[in-house]
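In: Got a sequence here, can you build the structure:
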Amino acid sequence: MMFKLFFISFLFFLACNPKTETSNSLPKNFEGKVVAIKDGDTFKVMYEGKEKTIRLEHIDCPEKSQPFGNNAKQLASDLCFGKMVKVVSNGKMDRYQRLIAEIYVGDINVNKELVENGLAWHFVNYSKDNSYAKLEIQARKNKAGLWSDVHAIAPWDWRKIKKAKNKK
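Out: This next block holds a predicted model:
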């Protein structure tokens, strides 16, 4: 009986206290101004007078030192630097305490634009969203952006190679 009472109380607590914010007091969805583009998939957005770092969900752009890395950063900048954007998230943070989210400028999904233009991979290790897979397949067929290079290296492999070289 005591267990049932505890369980019902716990369910009531969860129902009355939905988690709508991340651990650093950010709401899941908010609007803010993009004040920096660190690389193709990492932005800084001003929200309530503070810079918040956003890591684009579902995608991985080439590293800055990698071919097409600067192109990804430039497209991201062209799309949203200095603009008000909508940040849509499930509230999860990555290991660097960046909010993982999709960013919209009006009706444009910046994450998807990067994949469609061949400047990002669908990050299948962290995303099961088939719409990103379809965009990547189309970009590959069109040889868009990085897909014009038959030897394009995924950023996660690039990072492993770089890390192995640094250990030597």
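In: what sits against Val87?
Out: 29-32, 45, 47, 54, 99, 101-103 (CB atoms under 8 Å, 6 or more residues apart in numbering). For every residue, glycine as well, the C-beta is placed using N, CA and C.
In: Let's see if you can find the most crowded of these.
Out: Ala101 (28 neighbours; other CB atoms under 10 Å).
In: Is it in a helix, a strand, or coil?
Out: strand (DSSP: H, G, I helix; E, B strand; the rest coil).
In: Show me what it is bridged to.
Out: Leu56, Ser89 (DSSP bridges).
In: Does it touch Lys52 like I think?
Out: No. Using CB atoms under 8 Å, Ala101 is not in contact with Lys52; the gap is 9.7 Å.
In: Next, count neighbours for Glu51.
Out: 12.
In: If the residue lying closest to it once chain neighbours are set aside is in a bridge, with which residues?
Out: Distances taken as CB to CB, 6 or more residues apart in numbering place Lys44 nearest to Glu51, at 4.7 Å, with adjacent residues excluded. Residues in a beta bridge with Lys44, per DSSP bridges, are Ala36, Thr53.
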